[in-house]
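Undergrad: here is my input; please provide its structure:
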Amino acid sequence: MKATAVGDVITAVVAALKGDVSYSVFDGPIANPKRGEYKFLVIGGEEPFIDEAELPVSAAHMSQTWKGLGQPARDEELVIPCCAVGKAASVSLARGMALAAVQDAFDNLGLHPTAETYNALINEVVALESRNVPGGAVVIAKFTIMASARLI
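TA: Here you go, the predicted structure:
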């Protein structure tokens, strides 16, 4: 009997998105983006970049409901923090890139549900962070994916 489907769901979401977008999709935060990486998604990370001086980032939360006393079946609700990153010459352009990546994830998850869940859909954009950097701006759109799974 599985304790949780959270790892399988994150892996399935990453695989579904990698097959449908032309930019990088990462499973968890990354140490350094590749040079020329101007748009990407991070699934299972509340922050897009790993900073060794910081604490670990949250990858997912889950809760389960047992389907009757003594029954092995459980329903699991998953919340997976994600980020879309855009880098461009201005905040406006970078914001457009980051939000386009969120839209891509929304569209593709709706078209290609994972075999691990009843649904894996974008639940909310929780933050939109903008910062000026040398050569332009970076915008991070933080969003969550919610999914339901049945464990037996």
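Undergrad: tell me the contacts of residue 122?
TA: 102, 105, 106, 109, 143, 144, 145, 146 (CB atoms under 8 Å, 6 or more residues apart in numbering). Every residue, glycine included, has its C-beta placed from N, CA and C.
Undergrad: look up how far residue 28 lies from the closest residue to it other than its chain neighbours.
TA: Excluding its sequence neighbours, the residue lying closest to residue 122 (CB to CB, 6 or more residues apart in numbering) is residue 106, at 4.7 Å. The gap separating residue 106 from residue 28 is 20 Å, by CB to CB, to the nearest Å.
Undergrad: count of neighbours near residue 70?
TA: Using other CB atoms under 10 Å, residue 70 is surrounded by 5 other residues.
Undergrad: what helix or strand does residue 70 sit in?
TA: Under DSSP states H and E, no helix or strand contains residue 70.
Undergrad: could you measure it against residue 41, distance?
TA: 41 Å.
Undergrad: likewise residue 15?
TA: For residue 15 relative to residue 41 (CB to CB), the value is 12 Å.
Undergrad: those two: who's more crowded?
TA: residue 41 (26 against 15).
Undergrad: for the helix or strand bottoming out on mean pLDDT in the chain, packing partners?
TA: The weakest-scoring helix or strand in the chain, judged by mean pLDDT, DSSP states H and E, is strand 61-66 (a mean of 85). Here strand 61-66 touches strand 74-88, going by 3 or more CB pairs under 8 Å, 6 or more residues apart in numbering; DSSP states H and E.
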